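Trainee: Take this sequence and fold it.
(2 chains)
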Amino acid sequence: MSQILCPNCNLPNPEGAESCLFCGSSLKPAEKAPDAPIRPGQQPTVKPTSELDKVKTPPITAGQTPVPRNTDELEQALPAWLRSLREQGELTGETGSTEEAVSSGGQPSASPSAQESEEPLDWLNRLSQEEEEIPDWIASLGGAETPAASGTSQPAKSAGPFEMPEMADSQAASSQPAEEEALPDWLGAFAQSPESSEDESAGLVSQDETASADILPDWLDRLTPQAQETPAPSEETETPDWLSGLSLGEEQAAPQAAPEPDWLFNQAAEPAEEKPESSSPAFTETPDWLAALEASAASESASEEQSVFREDLPVENAAPLEIPDWLTDFRVEEPKASAPAQAGEELAESLPDWLSGVQPTPSSSAGSVPALIGFEETSELTEQPAQEKADAFLLETPDWLERLGPEQTPEPVSPPAAESQGDESLQMAELPSWVQAMRPVESVISETGATVSESEGVVEQRGPLAGIRGVLPFLEIVPGRKPPAYSIKLQVTEQQQKYARLLEKLIQDEGQPKHIKPSVQYSIRIWRWIISVLLIVSALLPLVLGGFLSPDLTLFPSEWEQTHVLLDSFPENAAVLIVFDYGPAFFSELQVAAAPVVDRLLYRGARLALISTSPSGPALANQFLNSTQASHLQVGAQIVNLGYLPGGSSGVYYFASAPREAAPVAVDGSNPWESAVLSDVYQLSDFDALVVITENADTARAWVEQTQSHLGDTPVFLIVSAQAEPMVRPYYDSGQVDGLVTGLVGGKTYEQTFGTSGLARLYWDSLGMGVLAALLLILVGGAQMAILALREKKGGNA
Amino acid sequence: MKPKGLFSIIVASVFGLLVLTGYFIKLSLLVKISDLFLNWAILLAAFAVLLGIFNLLIVHMRKMASRQKGSGYSLLLVLAMLTTFVIGVIIPFYPKAAPALDFVFRAFQLPIEASLMAILTVTLVYSSIRLLGRRLNVFSIVFLLTVLLILLGTVSFPFLGTLPWLSDLIRPFVAQVLAGGGARGLLIGVALGSLVMGLRVLFGADHPYGGK
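Mentor: Reported below is the predicted structural model:
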């Protein structure tokens, strides 16, 4: 038949009972949330620790004197393994009598009944049954504690690691004589001895504090006054006998009592079925800090997990957690138990290398304080003389810590966020920059609050330890890589040297003058002289030879017939306006071209009015008449020279619109409009023909265009140079011009037509010979130049 | 725009429109106004020629006064100019001076300009010879071939006369069709350009009379 333990009085109750038969407290919460101790390999679950918040006292810090407090309410919140520790402590502290154990610590102070004293509790029965399984060292503790209790004084501060508040309360509530009667001998001796031992331990502690205050860093220095200000409690009245015995026994069995005894490991590894089921409602959920501790313990081996549990958990991570008084006392009193070197060596052997190397490092103590102080450390702090501890601090304290003397206490720095929560958390040590730089990245990240992941350890991501949790990251531990040392000497590869030589050669070649192959240069002046001589000779040769070398034209131009018809259709004594608008350079050509036409006009008795838009035109007109029409002038031909007509196109238009106003005076100063030549001419259309002699196409166009609206039926003849023919011919083709005579060929054509022999015939042979010479020169010279050009191209390409 | 510029544009546009109107509309008043304005323009042009002659005279006289290099040629130019000008001016009043002017023209101006034309002939022949040596490409060859064809088809060679096919077929085709077509295009372009330019001057878009 199963029973339920009352969470309040720990007395068994029948299954199904809703309230305790002994104290009347409710048993339901225990059924709803049974708590089972975590086993190795299990992942801890985060549970609320609101029960722990009931204790408003600040957590004890290093060097602070613990103060016993009433933690009855928290007794129910104890985890199972602590309960089992207490139970085993009771077993080791008592002589074997269950009744005495119940009367000393297991009986609640509120209702001590005779039935309880007579009938042992169920869990106590199990403890008695498990007594066979008690390890040897516990047995040795039990045997040694009796003399130790009598001979060893329990310091006032060392209230025992497993202080049971409720038991202390019960002792305080009960009368002292009654307790003395119930206490065994060894406990009675313990109860009497504290004063002397308290003085001694107080003296040790004070010495330790004063000695360590000289060398401790500021954070430890700040912690010390708090411990001094804390009133020293009379813990001999609160310390349960079993705990006292346990602590005494540990002190006596210092060589065997390792900092982490086996029973502590066994307690953590005990299955839940073997332990009495906790019925405390507050214990239904594991506290956070315990979950973190248990998780770290479950993830590693038994020895490693204890080591990590004891030392690797920094205070700064555990600071936010509220440590109950009993746990504070445990941590403070544990140092009273001596830490023998042998036990330390055994522990060191069980630890991994990295932990063994980390363990004695003072920086860990300076930078972070373990949540639970190990036995070696506490023993060193309490039992060793103050001077030795000071030396130990001096030896193991880094330089930066040494420089921080008491008088050099730095200015109080505003506590971090974690510390600012109040006195409940430990103040975070101020790490120097080089220590912060050496911290692994995970630790920095964990400072943000990820205490659980830090306690679990970081899973290695690479390397041969990949996948293993809790391995120190090796990359971050390695100090910063030193910058590679570069040689001052220039390191150039063979290929780069090759390129450098090539570039240097290119630059050197650019600096030297380049030899240019001399090309064939021909003297321009000689060639010009040769060409000039050939052309002159070819032009003069017909004149020298005499006769006619070239036959007459057999092919006349297309405009010849129309022009010839018009010239022969003029009436006699017709008024013809002849425009001499050409330069002296074209005088010979146009003279030959115009002479047959003018001669034909004069031959038919036409009256000629000469005018020009060029300043040299009147002189050219006189020269033309004197050179070509001398025969006609001698017989009194009617010719009047109107002179120069300024204004260009406007002058032409003005003359076309008002001839008399535009040219009122002739070259000789007479009035041409009153002469017999122009007496009947009042406007342009009164002329019988308009003959324009010009070498310029623009001039011909101006006369054609500007006079067209005033000419009426008057025909227009154009006698132009050969170069102007292409530009003038469109006017002839379009009908705006009635007759066209072009160049020497045109003059020769009309000479042949009219059966005269003039300048055209004279120039005709010279023209043929010159053109022939020019053709030969162009052909021969051009071919030679082309060949040279091709050779130069081929030479350049080669 | 400054008032002066605006006034110039207004004057040019108004007078231009009047002359243009008189060109198309044969009203007696418009024709008379148009002829009057054209007469003014002719007088201004003639006066401009005189101004040009005097400007040239002043430049060369300054050159002689400063004894610059080539001032001797300037002296000859000034002397010839003054002589010809005086002869030309006195002819209306003294007609017996006309043969002197003919002599100046016949003895100096006519042979000089004819000699320049002869030099041009030699230069053109020489350039045609070097053309292929300087720029041997298709266009140069086509240009030279065209020159040769026109020359061959234009004249009558001694002892050969005109060349058949060239004188009556190839040369007329090149000169009258190919060259005539290009000339017509040029003339049409010139006519359109003159029309647009005239309109721009009339509407004040361009004002070449501003001296800029």
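Trainee: what is the mean pLDDT for the longest helix along chain B?
Mentor: Counting by DSSP state H, the longest helix found in chain B is helix B:28-65. Regarding helix B:28-65, the rounded mean pLDDT is 89.
Trainee: wait, does it make contact with chain A?
Mentor: Yes - under the criterion of CB under 8 Å from any CB of the partner chain, helix B:28-65 makes contact with chain A via B:31, B:34-35, B:38-39, B:41-43, B:45-46, B:49. Yep, even glycine has a C-beta here, placed from its N, CA and C like the rest.
Trainee: For the residue located most distally from the centre of chain B, give me the pLDDT.
Mentor: Each residue of chain B has a distance to the centre, and by CA atoms, centre = their mean the biggest one is for B:F159: 38.8 Å. Looking at B:F159, its pLDDT reads 80.
Trainee: That one and A:S550 touch, don't they?
Mentor: Yes - proximity of B:F159 to A:S550 meets the contact threshold set by CB atoms under 8 Å, at 7.4 Å.
Trainee: any idea how far the spatially most central residue of chain B lies from A:F687?
Mentor: What sits nearest the mean C-alpha location of chain B, by CA atoms, centre = their mean, is B:V49, with 13.9 Å. B:V49 sits 26 Å away from A:F687 when distances are taken as CB to CB, to the nearest Å.
Trainee: Poorly predicted segments of chain B, please.
Mentor: Low-confidence segments of chain B (pLDDT under 70): B:1, B:210-212.
Trainee: from the chain's centre, how far out does the helix or strand hosting B:V201 sit?
Mentor: Assigning secondary structure by DSSP states H and E places B:V201 in helix B:179-202. Mean-position distance between helix B:179-202 and its chain equals 17 Å (CA atoms, centre = their mean, to the nearest Å).
Trainee: That helix packs against which elements?
Mentor: Using 3 or more CB pairs under 8 Å, 6 or more residues apart in numbering or on different chains; DSSP states H and E as the contact criterion, the elements in contact with helix B:179-202 are helix A:725-734, helix B:3-24.
Trainee: For the longest one, buried residues please.
Mentor: Translated: helix B:3-24. Along helix B:3-24, these residues count as buried under the neighbour rule (16 or more other CB atoms under 10 Å in any protein chain shown): B:8-9, B:12, B:15-16, B:19, B:22-23.
Trainee: what does it rub up against?
Mentor: Applying CB atoms under 8 Å, 6 or more residues apart in numbering or on different chains, the set of residues contacting helix B:3-24 from outside is A:653, A:709, B:30-31, B:33-35, B:37-38, B:198, B:201-204, B:207, B:209-210.
Trainee: Could you pull up the residues touching the closest residue to B:L163 other than its chain neighbours?
Mentor: The spatial neighbour of B:L163 that comes closest, neighbours along the chain excluded (CB to CB, 6 or more residues apart in numbering or on different chains), is B:L152 at 5.6 Å. Remark: with contacts taken as CB under 8 Å, 6+ apart, B:L152 is in contact with A:775, B:163, B:166-167, B:171.
Trainee: mind checking which helix or strand B:L152 is in?
Mentor: Using DSSP H and E, B:L152 falls within helix B:138-154.
Trainee: List the buried residues of that helix.
Mentor: Of the residues in helix B:138-154, those with enough neighbours to count as buried (16+ other CB under 10 Å) are B:140, B:144, B:147-154.
Trainee: Show me chain B divided up by domain.
Mentor: Per the record's domain assignment (automatic domain parsing), chain B is made up of the domains B:95-136, B:139-204.
Trainee: And chain A, is the first one touching that?
Mentor: The one in question is domain B:95-136. Yes - applying CB under 8 Å from any CB, one finds domain B:95-136 touching chain A at B:95, B:98, B:101-102, B:105-106, B:109-110, B:112-114, B:116-117, B:121-123, B:125-126, B:128-134, B:136.
Trainee: returning to that earlier point: can you list the domains of chain B in a markdown table and add distance to A:S670?
Mentor: Shown next, in a markdown table, are those (distance: least, CB to CB, whole Å):
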| stretch | distance to A:S670 |
| --- | --- |
| domain B:95-136 | 9 |
| domain B:139-204 | 37 |
